[in-house]
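1. the following comprises the amino acid sequence and a computationally predicted model.
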Amino acid sequence: MTKRAVKKPGQKTPGEKTSKEVEKAELEPARPLKPRGKLLVVLMVVFAIWLGALLALYFAKVYPLRHPASGPVAGKS
């Protein structure tokens, strides 16, 4: 190793932080999220449209197959 590469005791490299600096950085409280009323309303409308489309598809395609409108009655001739 060269003399430049050898680290002397007590010296810190430019990217190295002391324990006090690390503790200070870790203790910063997180900022709370802002309430976003318009986004909530938009998401509720999109969800309602999606749910309505699913119900429409169910009643248009699946429900009629479970309950046939006109079919032969079993046991009668």
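-> It's in. Numbers count the residues shown, from 1 in each chain.
2. could you use CA atoms for every contact and neighbour count after this?
-> Will do.
3. tell me the helix or strand right after the helix of greatest length in the chain.
-> Among the segments of the chain that qualify as a helix by DSSP state H, the longest is helix 37-57. Counting by DSSP states H and E, the next helix or strand C-terminal to helix 37-57 is helix 63-66.
4. show me where pLDDT drops low in this structure?
-> Within the chain, the segments meeting pLDDT under 70 span 1-25, 67-77.
5. hmm, try it at 50
-> Along the chain, segments meeting pLDDT under 50 are nowhere present.
6. ok, residue 38 - how many residues close by?
-> 9 (other C-alpha atoms under 10 Å).
7. what does residue 64 give?
-> The number of residues near residue 64, taken as other C-alpha under 10 Å, comes to 11.
8. now it: how far from residue 58?
-> To residue 58, residue 64 is 9 Å away according to C-alpha to C-alpha, to the nearest Å.
9. do the same with residue 38
-> 30 Å.
10. could you do residue 50 as well?
-> 12 Å.
11. that older thread, buried sites along the longest helix of the chain?
-> Buried positions in helix 37-57, judged by neighbour count with 16 or more other C-alpha atoms under 10 Å: none.
12. tabulate the CA atom coordinates of that helix in CSV.
-> C-alpha atoms of helix 37-57 as CSV (Å, rounded to 0.1, in the frame of the first residue of the first chain):
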residue,chain,number,x,y,z
GLY,A,37,-60.0,15.1,-1.2
LYS,A,38,-60.2,15.5,-4.9
LEU,A,39,-58.2,12.3,-5.5
LEU,A,40,-60.4,10.4,-3.1
VAL,A,41,-63.5,11.6,-5.0
VAL,A,42,-62.0,10.6,-8.3
LEU,A,43,-61.0,7.2,-7.1
MET,A,44,-64.5,6.6,-5.6
VAL,A,45,-66.1,7.5,-8.9
VAL,A,46,-63.8,5.2,-10.8
PHE,A,47,-64.5,2.4,-8.4
ALA,A,48,-68.3,2.9,-8.7
ILE,A,49,-68.0,2.8,-12.5
TRP,A,50,-65.9,-0.3,-12.4
LEU,A,51,-68.3,-2.0,-9.9
GLY,A,52,-71.3,-1.0,-12.1
ALA,A,53,-69.7,-2.5,-15.2
LEU,A,54,-69.0,-5.8,-13.3
LEU,A,55,-72.6,-6.0,-12.1
ALA,A,56,-73.9,-5.1,-15.6
LEU,A,57,-71.8,-7.9,-17.1
